Structure formats: structure tokens, C-alpha cells
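*Asks:* let's see this in three dimensions:
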Amino acid sequence: MGFVGLFFMTRYLGSDVYGTIALTMSLLATFNLFSDLGFGSAHVKRVSEGQDINDCVSTYAVVKIILTVITVVVTVVALLIWSTYLGGSITGETGSLILLFLLFNVLYNLSSIATTTYNATMEVFKSQLNGLVEVCIRIPLVIFVSYNRMGAIPLAYAYVIGALAVVSTGLFFLYRDKIKFRRPTLFGSYLKFALPLALISVVGAVAGNMDKLFIGYFDSPTAVGFYSSSQVFLGIFGLVGAAVATMTFPEFSKLHTYGNMDEIRKLTKQAERYISMIGMPVTLIIILFPTETAKVMLGSNFAAAGEPIRYLAIATMLGLLNQVHSSQILAVNRPDLSAKLTLLSFMIAAPLLLVFIPASLFGVQLFGMSYTGAAVASMLVAAIMFVVTRYIVLRLTGTGSNPRILLHVLAAIVAGLVIYSFSGLFPLDGWLHMIIYGLVSMEAFLLALWLMREFDRDDMLYFLDLLNVRKLWHYVKGEIKGNGE
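*Replies:* Below you'll find the model as predicted:
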């Protein structure tokens, strides 16, 4: 559903309007760095350890409200200083967009009280229902605004209305589940776990948005639009890894509490293997046909997004494979290592972006690759962090990389040769062709794995079980009723 919104925005609003929205959201998301400071992970950790749920929620809610107020104050003060003393200008549409997306961030920060709680209790449907309600409200509004070419301000209102829906849904479930707000007593416990993660939160917020901010500063909002559209499209695909990380963190935390390291290692390799099976065929299509993918998925006026999408696809795949390993670090009570990894990522990314994006800096001639340069930098950072994270996890828990993933790489090469030969007879042009290419890629990939005895009947049954609508509905009903089914 998120892709449906992206589909309409890129086709009907154009790269300039979409880029302005993306740039504004990145700016406000950077200021939003004070909104978590590691307390979200602390909440998941303490709830998954079996602490009193009412005390945990009360503590986290107070902390989240305080941090949100601090975020708003810092944002307003910083923008006032910029416009009053540094020669900046915040007027008209720009000012309205900033206020609207500031409100959007405030609402989302408050909604995370419920979302993070249900992630911690592993009540997946309640957690994900927030996001589902949000897109069910926002996407129709985005489609209406985009199709009628109403511009950036009405689009921002669509995002705010969606955020209101998220807050309402979260509060409803907390009330329905009889969560009682009481005088919180776990501030010290939360602070102890969160303190090392505060650096992750701050640096992560900056690192996650500085690519778009650099592109906007050294190039234009249009260039941000080309880059951000590719990033958002691949981010939808990247939700697979985020979902795995969200679920494995509390599960690993429980296993670590009982000293079951063998099970953590086993689950890590199993998750990595299945993520690879899902991700590699998709990544293969994007790498081989980046411009065609951008045209089909984002529209012909976003063909330039094909330049960064190839490198971002590789970065996304490496991130997917690394998510479950990263979950182990927090689960075994080493937030300090996570902080160091985040800081290392930032220290690598910042200079790479400054080398690849601008044409020159302080009189020094640079690559001047703009949004494509940002994508190359992202790929290099992902590759370096992939290796470093694996090394740390190996030393920390004895979990090595799954060597059978190399068979997946070999199968992807075989599938790539099949697809490339296929393209000479049947060029990729349009939605139907994209579907056919995807099916051929998946079938060639799985057939190669089967011939190497890396894909068998049990794997097929596992994936079919994931898609079993009846079992999904049974699970949803059990969680909603709260009967533990």
C-alpha cells in the first residue's frame, strides 16, 4: 500500500514536488533525533525480560512525552536562529510544510508508545495494525491529492491525518488491554540500558537523512526526488529485514536470559537463509534492469532514478542479510557495541557522501555524481558494515555467517544469465513484463538452489505456511481476543 502512494506521487506530482516533500521530511527527521535516545530499545528489552507491563508502559510513556517536547523546542529554536541570525528564510509553503511535518513527527512519536510495547510483547498484529490503519487512511488521500495535482501542502495534510489515525489506534488497544498508567519506577533501569544507545539514536537520525540533505544542498529538490523515490521503493522491499529484526530482538533477548545461545545461532542462520531466498531474485532484476525498473515502478518521468537504484538495491540486500545479526548485539546486552557500529557507519558515510555528491568542495574537484554518488556511497558503507558486524557477532556469540548463502549467490548468477538471455527476446517494458520477469527470476533461482540441494520440500512448505490466510486469520483473532492462541 505504501508503494501505491509512491506510484501516484511520482506520476502525478513530479520530481520537484516529491523532492520538496522528501527534503522537508528529511530535515524534520534529523531534528527528531532527540525523540528516542535508545529508550525504545530499552522498553523492548525490559518488557521482554518480564518486567511489570504497567510500570514499563508508564515509564516509557513519560519518557517519550518529555523527549517529544524537547524535540519540538529544539526544532523551533534552531529554525528561528537560522531564519533570524543566519540569513535563512522560512515563509509561505516552506513554513507550512515544516509545521505540518513537525506535527506529523509529534504524533508518530506518541504512537510509538503502543507500537513499541506490542513489538516487545511480540503481539505482531496489534503492532502492525497501527501501520495498516495509517496507510488505509493516508493512501486514499494521497491518491486524491496526487491525481488532482493539488501540490505539497495538501499532501502534507494527508500525512498528518494518517498519523492521527495511528495515535488513535494505539491508544485504543492500550485502553482495551487494560494497561494501567501508574507512577513509573523504572527510570533508572531504562536509562542504564538506553544511555549507550543515545549515541545510536542521535547519529542514526543524522546518518539516515544526511544523504538527502547533502543532495538538496549541493544540487536541488528534484535530485532529492530521484534519489528518495528509489530509496522509498527499496525501503518497502527492505521491510522484510526490519520485520525479522523486530521479531528476533525480543526472542533473542528471552533466549539470552535463559542462556540458550545455541538456539540464537540456529535461528540467526535460518532467518538469514530465508531472507536471502526472498531478497536475491528481486535484487537481481533491479541490478540487471535499473532504468526499466524505475520507469515501470515510478513512472517514465523518474527514469533518472534508475541511476541510483542499482547501487541502493545492493545496499538494501546487504542490510537485509545483516539485520538479524545486528539484533543479537542488543539482545545480549551490548548496546555499547551497537553505538560504536552506528558511529563507525556515520564516520564512513559522511566523507564518502562529501566525496561523491558535490562537484567541488573548498576548491577541491570531486566526483560530482549527485544522487548517484549518494547511492554509491550507501553501497560502500553497507558493504563495510556488513563485514564489521559479522566479525563482532562472531566474537560476541560465536555466530558465523551461513556458508550456504554462497550457493544462493551462485544461484543468482545462474538466474541472471537466464534473465539476461530472456531479455533479448522479450524486453522489459510495462507491468506485465515486470511480473513475468519476476516469476522467471524466482523460478530460475529456486531451480538452481534445488539442483544444489539448498531448496527442498520443507522449504516450500515453510513459505506456503507463511502465506496461509486461514492460519493468519486464526492468529489475528487469537491476538485480538487476547486469549493466547
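*Asks:* so how far is the helix or strand where residue 442 lies off the chain centroid?
*Replies:* Residue 442 belongs to helix 431-451 when elements are defined using DSSP states H and E. Distance of helix 431-451 from the chain centroid (CA atoms, centre = their mean, to the nearest Å) equals 26 Å.
*Asks:* in whatever helix or strand residue 80 lives in, what's buried?
*Replies:* In the assignment (DSSP H and E), residue 80 maps to helix 53-85. For helix 53-85, the neighbour count (16 or more other CB atoms under 10 Å) marks 53, 55-64, 67-68, 71-72, 75, 79 as buried. Backbone N, C-alpha and C define where each C-beta goes, glycine included.
*Asks:* re earlier: next SSE downstream of the helix holding residue 442?
*Replies:* By DSSP H and E, the next helix or strand past helix 431-451 is helix 457-466.
*Asks:* show me what counts as buried in that following helix.
*Replies:* residue 459.
*Asks:* quick one: contacts of that helix?
*Replies:* 274, 277, 471 (CB atoms under 8 Å, 6 or more residues apart in numbering).
*Asks:* most neighbours, which of these?
*Replies:* residue 277 (21 neighbours; other CB atoms under 10 Å).
*Asks:* is it correct that that residue is in contact with residue 456?
*Replies:* No - the criterion here is CB atoms under 8 Å, and residue 277 misses it with residue 456 at 11.8 Å.
*Asks:* after the longest helix that the chain contains, which helix or strand is next? Please name it.
*Replies:* The longest helix of the chain (DSSP state H) is helix 221-257. Next helix or strand after helix 221-257 toward the C-terminus (DSSP H and E): helix 261-288.
*Asks:* so which bits of that next one are buried?
*Replies:* 261, 264-265, 267-269, 271-288.
*Asks:* packing partners for that helix?
*Replies:* helix 221-257, helix 306-331, helix 370-397, helix 405-425, helix 431-451, helix 457-466 (3 or more CB pairs under 8 Å, 6 or more residues apart in numbering; DSSP states H and E).
*Asks:* out of those, nearest to residue 141?
*Replies:* Residue 141 sits nearest to helix 221-257 of all the helices and strands packed on helix 261-288, at 17.3 Å, using CB to CB.
*Asks:* residue 189 - how many residues pack around it?
*Replies:* So residue 189, with other CB under 10 Å, has 17 neighbours.
*Asks:* look up the closest residue to it, ignoring the ones flanking it.
*Replies:* residue 46 (6.3 Å; CB to CB, 6 or more residues apart in numbering).
*Asks:* picking up where we left off before, TSV please, covering the helices and strands packed on helix 261-288 and showing mean pLDDT and distance to residue 186.
*Replies:* Below are these laid out as TSV (pLDDT from 0 to 100; distance: least, CB to CB, whole Å):
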stretch	mean pLDDT	distance to residue 186
helix 221-257	78	16
helix 306-331	88	18
helix 370-397	94	26
helix 405-425	90	40
helix 431-451	91	47
helix 457-466	80	36
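*Asks:* can you tell me which of these is most buried?
*Replies:* Most buried of those, by mean neighbour count (mean count of other CB atoms under 10 Å): helix 306-331, with a mean of 24.
*Asks:* which elements pack onto that helix?
*Replies:* Taking 3+ CB pairs under 8 Å, 6+ apart as the contact cut, helix 306-331 packs with helix 221-257, helix 261-288, helix 290-298, helix 335-356, helix 370-397.
*Asks:* distance between the longest one and the chain's centre?
*Replies:* When you say that, I think you mean helix 221-257. For helix 221-257, the distance to the chain centre is 3 Å (CA atoms, centre = their mean).
*Asks:* the fourth one now?
*Replies:* Distance, stretch centre to chain centre, for helix 335-356: 17 Å (CA atoms, centre = their mean).
*Asks:* and for the shortest one?
*Replies:* Distance of helix 290-298 from the chain centroid (CA atoms, centre = their mean) equals 21 Å.
*Asks:* buried residues in that helix?
*Replies:* Buried residues in helix 290-298 (16+ other CB under 10 Å): 290, 292-298.
*Asks:* from those residues, which is closest to residue 98?
*Replies:* residue 298 (25.9 Å).
*Asks:* for the closest one, what are its contacts?
*Replies:* Applying CB under 8 Å, 6+ apart, the residues contacting residue 298 are 6-7, 10-11, 229-230, 233, 305.
*Asks:* one more time with 6 Å, if that's ok
*Replies:* Counting by CB atoms under 6 Å, 6 or more residues apart in numbering, residue 298 touches 10, 229, 305.
*Asks:* appreciated, that's everything.
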